[in-house]
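Engineer: sequence unknown, structure follows:
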């Protein structure tokens, strides 16, 4: 059947079950826009900056499990989209960018010109190290092949973004869809394959892992977002129960299991919870599944990670990730988290693990001894502290609440102190951690929920990076509760300046060059209800109204401009001026040495011994 | 002397005469920020999105002639900067991006990981096709070499952006500045060399050009921004007077000579002025200097450009540009515009050109017959038309007024209808033409003028792309008069949809998915005075107040949501349904055939003959 290429593109995505996409029109993508708006069932949400499109597709996928696309135009439209693509790349989000491009005759790459017409540049090349696959489609007949190939790469193995670039003439060309070549995955595609450990090797690897878990006195699971990506969220819940092994959740997988689950011990890391770090460092057998073990998780010295563990098994779909720490990982397994978990479930079910009850009880005791909110989070000089804010927010949340955070205060205190119970979700950008993700992330999540409610925890600095998206919220009347933590600028950077630059602020607060607007006035400008919270009385009065409001609202919460982020893996300056970088279990503010010792199942690290408080 | 690398970086730029730079702080660039704020005379303007930094550096350079730098952080901070870099690349703007980066040990490129820590990616690679030079500095000792090399590449030959990436540890390292290796330009550097036509060949080439100009009965100069870049603005004014040859100005060079100069005939092109296009098409000898002859200048069929010209001489510093149209360019000369003009001045002065007075008079008559504002620009349905707005704005402008436009309505009517008299300036982004350039462009220009006044002609759609920069305007109290043309969405794209998609709107106005806020309310939110103009009475009342206000203001001008952009090279649909793409002289709305014929010094093109009105 004869069909216009732009119609075929849209039909392809319709058949994948996509209901929504995100984009901004331009001359160079007008044909695809036209096909979506006037010849499809897909609703295209129009953002006001292309970065927002490539951020929204990420949370859209996290909520629906359906990858979708961002539709951007040539030139600046394409380059504006890059930050979100890089973010999706780091966080393994399957999605596709469709970009318009100048007419084909102006974009031959071999003329040596900076730009032939206007707005033409090699967008595919620019993102080639942050996409799994990218292609500029110069012949209309290649359309189906390229769509199928991009979809395949985006969604198989370790997922990630792909990018297809369409010169104007290609979009409007007419092809016969029955005559078009298709894409058939190569046997050994460069993308990471699911098959790596299938069949016998998987069975064997799981058997060894199970032996390690059985042999360990203090076994521990560390569960990552790869599990959800492998569609094994239900299985992991069953597996943890069957094994009876304590588990940590990475920040990306913080909403995989209930925070209050008897075997879930929180999240460990540089900004870990105290109990989680004690438990991580005390285990003698660690199995990580579907996490890439980033620096914020493992700290700055890999040799100190779970240092008494004889076995560290790392299960990840990306062969490069499992080889990252050869000095510490004893069993690197390249496998799909789902395959691994299902096989482990099978083997463990047939012969359940003799539970290490004593260890689990010890972990529970440690957890109870160190609640997420401690005395270090007491209000300071009359200001609300963001950690206590989370503590008070939690009981007000709906049972299916979706929370999206921006960076800085929202990220740290949200992930350190907000308890989650699935189907509640806590979403953000982890790998790139780009300021500004919060608002478009909330938009993507709201659209994914059928214009449903989302709580967006944002910061005064981060709001600015996608301020224009308030109009998208208003236009589509997305019931997003935007909570802005105002701490006069970039609080995390202030702490960097305190730590390494003797507290000399520069471009971090109003006095040193960066101010933010009055967000209540901003709310009024966008016809949004405005709230302000300065005290706990305000909180008690306003927060229920905010969370039960029908439409979008903005609430600014005024916090201490110097609030600390605690606990944190810091550096200890000794009386003689020397610096000690303690191991992961020894978080700041430093606890008495005997408290550390009492909450470790292993001896106090010699560096910890040397620290004088 | 022992010096911290970040201090040395800042000292380097201080010695280049840089007084201002633009940036946003992050952990990864905190050392350089510290050196600027606490150990230098450079003022760093803090924007609220990195794209604004790389746009502001462009207008900063255009006003001061001093290249400056944008200082961004790792990850999203770097990728956010890309659009401005691409724009600087297209428009040949010398500037340098300094970016922070993860610590060196996390960014070895050969580990095959998507990202090792957080926020690390290969920024240099991503921009490698849109920068003249880029390097990640892994060894502190290379700092001076790389700074000198980047500066050299950015500022020599055809200028352009360069990018240096600094891992955190490198910034804080201490080096001995006397022991550091320097950069010495290679004899044949890959950048385009000024030397190409120096010496004898230049003399010879100019001689031939002068012969062509003398031999022609209807000689014409087409002057581009390369002339200003080569610091030859004064010389070109003298040259035009001495030669007595009519001249066209490109949009990038629209402020090179007064619009009212007796020999300046306006700007030709797809959105050219009628008289300029008649004259371009009538000339028999064309000499272009310092312009890359883009599609919007030359139209869609190069064979029709100045079609009766026997000689077309193209003088450009980029060897790729002069080879672009081999079928039409008879004398491609790779030379610096300044060298060429100075030599031409020398030769022409010693033996002045016998002026073709008749041709100049003819051109003047054509120009007088077709003022920039014609009956096609009459107000429509009670709405102000942007072209008449320009006409009324011009006499109110200060003698040194700087105007920066965004895209769309502001770009087109600004460049088609606003008369300029140097030292007045009219600035925008020409090559990339990215929406959102207007506001950060105005910021860069205002800072360049010592927080001086700038008129920013913007549009409702374009304002959104850098809305956050209003806070930068407010924080630094930059007296920018922001005039926003409201035409309910993306007007240029509406016209595309009318032209090729039967008028089906999609994502172009409020009804089809894109709305903009009430900018008077936005102004209030940022504590800026707000004005609204709906009628000429409003204009007469408000505009003088706006232009004499002390600080920044926002004025929204409500225009017809379907306003046409005229004149324009369009397509003619014949009674039998066939399409005719007329030559450049035959602009829409179409004039009677005899009017075209009367204003051409050559016969009517056969396509023009065929057009039935």
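Structural biologist: Done, it's in. Just so it is clear, the model here is predicted, and its values are computed rather than measured.
Engineer: State the distance from residue A:536 to chain B.
Structural biologist: Using C-beta to the nearest C-beta, to the nearest Å, residue A:536 is found at 28 Å from chain B. For every residue, glycine as well, the C-beta is placed using N, CA and C.
Engineer: burial measure for the residue in the stretch 351-500 of chain A positioned nearest to chain B, as a count.
Structural biologist: Proximity of the stretch 351-500 of chain A to chain B (C-beta to the nearest C-beta) peaks at residue A:434, 2.8 Å away. With neighbours defined by other C-beta atoms under 10 Å in any protein chain shown, the count for residue A:434 comes to 26.
Engineer: Not counting sequence-adjacent ones, nearest residue to whichever residue of the stretch 1-150 of chain A sits closest to chain B?
Structural biologist: Proximity of the stretch 1-150 of chain A to chain B (C-beta to the nearest C-beta) peaks at residue A:76, 2.8 Å away. Nearest non-adjacent residue to residue A:76, counting by C-beta to C-beta, 6 or more residues apart in numbering or on different chains: residue B:434, 2.8 Å away.
Engineer: go on, residue A:69?
Structural biologist: That would be residue A:96: by C-beta to C-beta, 6+ apart, it lies 4.4 Å from residue A:69.
Engineer: How about residue A:479?
Structural biologist: residue A:453 (4.7 Å).
Engineer: With residue A:262 instead?
Structural biologist: With C-beta to C-beta, 6+ apart as the criterion, residue A:262 has its nearest non-adjacent residue at 6.8 Å, and that residue is residue A:364.
Engineer: ditto for residue A:120
Structural biologist: residue A:102 (3.7 Å).
Engineer: Check the gap between the one you found and residue A:30 for me.
Structural biologist: 13 Å (C-beta to C-beta, to the nearest Å).
Engineer: Tell me which of these two has more neighbours.
Structural biologist: More crowded of residue A:102 and residue A:30, by other C-beta under 10 Å: residue A:30, with 26 against 22.
Engineer: for the more buried one, helix, strand, or coil?
Structural biologist: Here residue A:30 is recorded as helix under DSSP: H, G, I helix; E, B strand; the rest coil.
Engineer: ok, now which ones touch it?
Structural biologist: Residue A:30 makes contact with A:100, B:493, B:496, B:497, B:500, B:501, B:506 under the criterion C-beta atoms under 8 Å, 6 or more residues apart in numbering or on different chains.
Engineer: Would you format those residues as TSV with pLDDT and distance to residue A:374 included?
Structural biologist: Formatted as TSV, these follow (pLDDT from 0 to 100; distance: C-beta to C-beta, whole Å):
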residue	pLDDT	distance to residue A:374
A:100	97	53
B:493	96	55
B:496	94	59
B:497	96	59
B:500	92	64
B:501	95	61
B:506	97	54
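Engineer: quick one: low-confidence ranges for chain A?
Structural biologist: A:108-110, A:187-200, A:354-355 (pLDDT under 70).
Engineer: wait, isn't the residue nearest to residue A:76 in contact with residue B:407?
Structural biologist: Yes: in this structure residue B:434 lies within contact range of residue B:407 using C-beta atoms under 8 Å: 7.2 Å.
Engineer: Over to the closest residue in space to residue A:230 that isn't next to it in sequence: give its phi and psi.
Structural biologist: Counting by C-beta to C-beta, 6+ apart, residue A:338 is the residue found nearest to residue A:230 once chain neighbours are left out, at 3.1 Å. Dihedral angles of residue A:338 (phi, psi; degrees, to the nearest 10) stand at phi -70, psi -50.
Engineer: tally of neighbours for residue A:338?
Structural biologist: 22.
Engineer: Can you tell me what sits against stretch A:449-459?
Structural biologist: With C-beta under 8 Å, 6+ apart, stretch A:449-459 has contacts from A:63, A:393, A:397-398, A:401-410, A:414, A:438-439, A:441-442, A:445-446, A:476-487, A:491, A:547.
Engineer: Am I right that residue A:248 falls within a helix?
Structural biologist: No: under three-state DSSP, residue A:248 sits outside any helix and is assigned strand.
Engineer: Contact partners for it?
Structural biologist: Residue A:248 sits next to A:220, A:221, A:222, A:223, A:264, A:265, A:266, A:267, A:268, A:276, A:279, A:280 when contact means C-beta under 8 Å, 6+ apart.
Engineer: partner residues bridging it?
Structural biologist: Residue A:248 forms beta bridges with residue A:222, as assigned by DSSP bridges.
Engineer: what sits against the residue nearest to residue A:69?
Structural biologist: Contacts for residue A:96 (C-beta under 8 Å, 6+ apart) come out as A:67, A:68, A:69, A:70, A:150, A:151, A:154, A:161, A:162, A:163, A:164.
Engineer: you'd agree the fifth one is up against residue A:135?
Structural biologist: Translated: residue A:150. Yes: shown here, residue A:150 and residue A:135 form a contact pair, counting by C-beta under 8 Å, at 7.2 Å.
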